[in-house]
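Student: Structure for this input, please:
(3 chains)
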Amino acid sequence: MSENSIALIFAFPLFGAVFCALFGRKSPNLCHPISVASLAGALGAGIETLRRVIASEANEVSYFFGGWNADAYPRGVGIEFRADYLGTLIMLVVVGVAFLVAWYSKLPVAEETPEKEGYFYSLFLLQVTGLAGISLTGDAFNLYVLIEVAALTGYGLIAMGSARAAAATFKYVILGTIGASFYLLGVGYLYMKTGTLNMVGIEQFITDNESLADSAAMQVAFVFVCLGVLMKMAFFPFHAWLPSAYFHAPTTTSCLLAPLVTKVMIYVMIRMLLTVFGVEFSFKNTHDDEGNIWTEVLPWLVVLAILCAATMALAQRDVKKMLTYLIVAEVGYMVGGVWVYNYYGLIGSIFHIISDACMTLCLFLGVGIILRKRKTTHFDGLRGLFRKMPFTMTGFFIGGFSIIGLPPTCGFFSKWYLITGGMLAERWEYIVALMFSTMVMVVLFFRLIERIHLAVTESGENIGHGHGDLALPKSETFFDEAPLSMLIPLLLSAGVVLVIGVFNQDVVNLLQDFLEPFNLPKGTGR
Amino acid sequence: MFGEEGLLNELLVERFNYCVYVVLLLIGLYAMIAKNNLIKKLIGMSIFQTAIILFYVSIGVKEGATIPIYLAEHDPHGHHAEHIVHLDEANTIDVSEENATPLRLSHEQDHGHHAPRSLTDEETLGYANPLPHVLMLTAIVVGVATLGVALALTQRIYRAYGTIEEDAVLAAIQAEDAATVIPDVLATKPKAKKG
Amino acid sequence: MKKVALAVTLFIGALLLYAAKDFSVWGHLQSPASASPVSKHFIADTGVDTEVPNMVTAVLADYRGFDTMFETVVIFIAGIAIIAILRRTGADADSPAIQRESDVVAEPDLIVTNTVRLLIPVIQLFAFYVLAHGHVSPGGGFQGGVIMGASFILVALAWDLPKALDRLSVDRAIMLAGVGILIYAGIGLFSMLLGGEFLDYAELSHVLPVSREMARYHAMLGVEIGVAFTVTTVMFAIYANLSTRGRLEGGL
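Tutor: Purely as a prediction, here's the structure:
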């Protein structure tokens, strides 16, 4: 079975999803155990895959669906899945996050989408299948199909909530379809020029035919692939759908989508730039070593993205809404880390995908509990929460500290690499934006701490009779912790944030092994 | 760009398909972005996706080639079936029950050791490229699925707001937001909350 | 807004036309896409590898079978998502449904229903033909499934939706759609358990009395049947939900 671990990552959730749809109507109570069990199986298969990748000589494992392996047939005849360190780590993040969310989801799903549990879990598991597939596939068209699998399940999962969610989803459908179609168009151009859809094959063809770099069709293919992916990841001018869609989505949906979807799309961008178009084509002009127009323009767009998103987050008076804007800002971080075109920037970017997924998960799980307790996530509804739910709030703030970037959380280390990359590439504007956004996050989270620990209102009015927690009326200070099925995943995710932070060097070592062959500049790239 | 006689000629005559697809794509894209009516947006989306299908299918075209289904002389079964019928006409072994073409298959299984030959380079020129067709079958299916889900969303929106004009929906949403009252957890009066 | 949209659209158009001058001439035999080893392999060796005369079917169901599995899953997702979005539950279900002018009680028309009675067997038979003949002629699971789904929709059009739902309720449709995916993925999983990779149909020759190539041939029919199950049922489920805004009652 070990050699089929890659296929098992998909087989578990796929079969789980079908069983949920089959049994969901008759016995909705079965769905939750099925989901948790199949994701646990997928997680096992994922860890086995990582073990095999580490054990393998080339640090990557290929899997050919249908047995069309590259030894006996031309590469690209069948569909290849390639697990290297980058893809495997992202896949593990996807499956791990999904596992925790599935565990957490028992109560919220039953309460928010009654009678639809079967459909919900079915879509949930298929979403995971799609995202995990995106992170491992080695075929450019298969990537499109999987992107659409993830997108369609996402539409369903979000729109299951209120009518507001449906209205927000419609925007998402339009933008998502344009994005995915642009990607498809780009792949069509690539196929037309290279004659293959296999990522290794395309890269090989581009390296073998140097004249291709000058061709207009290739340039346009590059533009459309990048544009499509930027749209899908809610990069700043295309972010309009994200805040309202995630805000109005059911709790479990936002817990699953918020940490994963945007990050996986950033992974797709890195994958396309590094291993499909190749570093030479993506970051350099054809004639000299100067960076091309993308490396000049995109960091500035990133600055704009981070500044705008952070400012908008500052204006929110609702925790969940605020977090959705933080996601948009974080997307800016990671895109910036890629386009400063520097070894350390890229390490930071990939590491930040991992750590941001964990900390966003942590925050959204916390917000889900708040929403369930208080029926609102508005700042005014937070009063005295720490007294009631000390464990939940501790977990929530570990996520918060990580997003600010306090050691020893993983957010500190990934931001450290991002800043190092920016400095070495002499992209000062990017660093300023990062610093600004960090300051904003400090303000935001200390504002939250104030509300959660003390009895102040939005207008700053102190409504108690004493100081701090003492100001709260007695009835609001009794211990009223969240149910264990929600609390444990939250604490686990907080634990993961800390563990990745403490063992950051191990993750970075894997990434260094992956990035070393690409010969990225370790100093300035310009 | 269009001033050059040669370029125009190049674009319109030799690459007419590619120009048509660009025009279709733009119509769809414009409708998706600019139209106010949700259904019109979806119509735009369909045109947009169809344009991409036209583009892909154009890649697969080969001058003078036929559809990618083997002609009788290349058919892995047609040729052999003929051949086998001559050899053992009385041989009526009934092997498989689920097959779609019983006559051919039963002969085939009897002589499972034969190998249909690989086509020469010359012969492959006679068939259109099958890959873009396959890809577009997938893209069509994805397009249908997206359209279906989007239509369901439109109905959901209509049910809630009674309109499918985007600005009217937005106005309704803003009105709803303005009317929302934050649940009163702020009341200074002690209130037991058990969620 | 409209002007911005127009500018964006024209910019995209200019980009695409700029690239179009770089394309190989239409129908060129030696363009990279047509002359690549991959495309050549499909044309030259499909017969050798799978014995299927229709290359498109072979590429769809075997070479790129993993894509097609997810394509089926996409259909399945669409069915589930539409029901999940439109079905009314809890408080929502009590809200009065929007009354439609067309909600009048009318007898099904005699001529229409009798014609449909005659037509439906033909349509369904044709669906089976398209499905089973996909190996040798244009056709296959998706096409056959759509035709089959159309026959159910025709019942709903000629009589009313409840009549069609008597034959195939939406819950059962979703169940059968799941069964279709189970068939597809099950064949894939089974061939994996027999020692190959996922979806490596050739391994089925261990259990079927045929050669490795013919095992691929037969397994392709199997997965096409799975696809047809999903497509038939989901097409009908989509129609039933969309035509009644999820209420599943009344006619068109």
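Student: any idea how far residue C:202 is from the residue in the stretch 351-500 of chain A positioned nearest to chain C?
Tutor: With C-beta to the nearest C-beta, the shortest gap between the stretch 351-500 of chain A and chain C falls at residue A:375, namely 14.9 Å. Just so you know, the C-beta spots here come from the backbone N, C-alpha and C atoms, and that holds for glycine as well. Noted for residue A:375: a distance of 58 Å to residue C:202, by C-beta to C-beta, to the nearest Å.
Student: what does residue A:247 give?
Tutor: Distance, residue A:247 to residue C:202, by C-beta to C-beta: 50 Å.
Student: same check, this time on residue B:72
Tutor: Plainly put, residue B:72 is 26 Å away from residue C:202 if you go by C-beta to C-beta.
Student: Residue A:213 too?
Tutor: Computed as C-beta to C-beta, the residue A:213 to residue C:202 distance reads 40 Å.
Student: ok, the two, which is more surrounded?
Tutor: Neighbours were counted for residue A:213 and for residue C:202 using other C-beta atoms under 10 Å in any protein chain shown; residue C:202 has more, 22 against 19.
Student: so who does that one touch?
Tutor: A:67, C:191, C:196, C:212, C:213, C:215, C:216 (C-beta atoms under 8 Å, 6 or more residues apart in numbering or on different chains).
Student: Which positions in the stretch 151-252 of chain C make contact with chain B?
Tutor: C:208, C:209, C:210, C:211, C:214, C:218, C:221, C:238, C:241, C:242, C:245, C:246 (C-beta under 8 Å from any C-beta of the partner chain).
Student: picking that back up, can you put the contacts of residue C:202 in JSON lines and add pLDDT?
Tutor: Converted to JSON lines, the contacts of residue C:202 look like this (pLDDT from 0 to 100):
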{"residue": "A:67", "pLDDT": "85"}
{"residue": "C:191", "pLDDT": "91"}
{"residue": "C:196", "pLDDT": "85"}
{"residue": "C:212", "pLDDT": "86"}
{"residue": "C:213", "pLDDT": "86"}
{"residue": "C:215", "pLDDT": "89"}
{"residue": "C:216", "pLDDT": "89"}
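Student: Counting neighbours, what do you get for the closest residue to chain B within chain A?
Tutor: Chain B sits closest to residue A:163 of chain A, with a gap of 3.1 Å, by C-beta to the nearest C-beta. Residue A:163 has 21 neighbours, counted by other C-beta under 10 Å.
Student: How much space separates the nearest residue to it once chain neighbours are set aside from residue A:165?
Tutor: Nearest non-adjacent residue to residue A:163, counting by C-beta to C-beta, 6 or more residues apart in numbering or on different chains: residue B:160, 3.1 Å away. Separation of residue B:160 from residue A:165 (C-beta to C-beta): 10 Å.
Student: Those two: who's more crowded?
Tutor: The residue with more neighbours, out of residue B:160 and residue A:165, is residue A:165; 26 against 19, by other C-beta under 10 Å.
Student: avg pLDDT for the helix or strand containing the more buried one?
Tutor: Assigned by DSSP states H and E, residue A:165 belongs to helix A:163-194. What helix A:163-194 shows for mean pLDDT is 92.
Student: and the residue of chain A closest to chain B, what is it in contact with?
Tutor: By C-beta under 8 Å, 6+ apart, the contact list for residue A:163 reads B:156, B:157, B:159, B:160, B:161.
Student: Just the residues you listed: which are in helices?
Tutor: B:156, B:157, B:159, B:160, B:161 (DSSP state H).
Student: For residue A:64, give me phi and psi.
Tutor: phi -110, psi 110 (degrees, to the nearest 10).
Student: Residue A:80 too?
Tutor: Dihedral angles (degrees, to the nearest 10) for residue A:80: phi -110, psi 140.
Student: what bridges to it?
Tutor: Taking DSSP bridges as the rule, residue A:80 bridges to residue A:64.
Student: Settle this for me: it is touching residue A:138, isn't it.
Tutor: Yes - here residue A:80 reaches residue A:138: they are 4.2 Å apart, a contact under C-beta atoms under 8 Å.
Student: How many neighbouring residues does residue A:87 have?
Tutor: 25.
Student: That one contacts residue A:268, doesn't it?
Tutor: No - judged on C-beta under 8 Å, residue A:87 makes no contact with residue A:268 at a distance of 10.5 Å.
Student: Poorly predicted segments of chain C, please.
Tutor: C:89-106, C:249-252 (pLDDT under 70).
Student: what does the average pLDDT come to for stretch A:334-354?
Tutor: For stretch A:334-354, the mean pLDDT works out to 91.
Student: now that stretch: how far from the chain's centre is it?
Tutor: Centroid displacement of stretch A:334-354 relative to its chain, using C-alpha atoms, centre = their mean, to the nearest Å, is 14 Å.
Student: ends of it, how far apart?
Tutor: Start and end residues of stretch A:334-354 are separated by 11 Å (C-alpha to C-alpha, to the nearest Å).
Student: Just the strands from the chain, written as ranges.
Tutor: All of this refers to chain A. Taking DSSP state E, the strands of chain A run over residues A:60-65, A:79-84.
Student: got the angle for the last one vs strand A:60-65?
Tutor: Going by axes from the mean of the first three to the mean of the last three C-alpha atoms, to 10 degrees, strand A:79-84 is angled at 160 degrees with respect to strand A:60-65.
Student: Could you find the closest non-adjacent residue to residue 145?
Tutor: All of this refers to chain A. residue C:70 (4.9 Å).
Student: Hmm, no, I was thinking of chain C.
Tutor: residue C:231 (2.8 Å).
Student: what sits against that neighbour?
Tutor: Going by C-beta under 8 Å, 6+ apart, residue C:231 touches C:72, C:75, C:141, C:142, C:144, C:145, C:146, C:148, C:149, C:180.
Student: The second one against residue B:143, yeah?
Tutor: Right, residue C:75. No - in this structure residue C:75 lies outside contact range of residue B:143 using C-beta under 8 Å: 11.4 Å.
Student: more crowded one of these two?
Tutor: Using other C-beta under 10 Å as the criterion, residue C:75 and residue B:143 rank with residue C:75 on top: 28 against 22.
Student: Could you pull out the helices in the stretch 101-250 of chain A for me?
Tutor: A:106-112, A:117-136, A:140-159, A:163-194, A:199-208, A:216-232, A:241-248 (DSSP state H, counting those that start in this stretch).
Student: Is any residue of the fifth one near chain B?
Tutor: Meaning helix A:199-208. No - remark: helix A:199-208 sits outside contact range of chain B, by C-beta under 8 Å from any C-beta, the gap being at least 12.6 Å.
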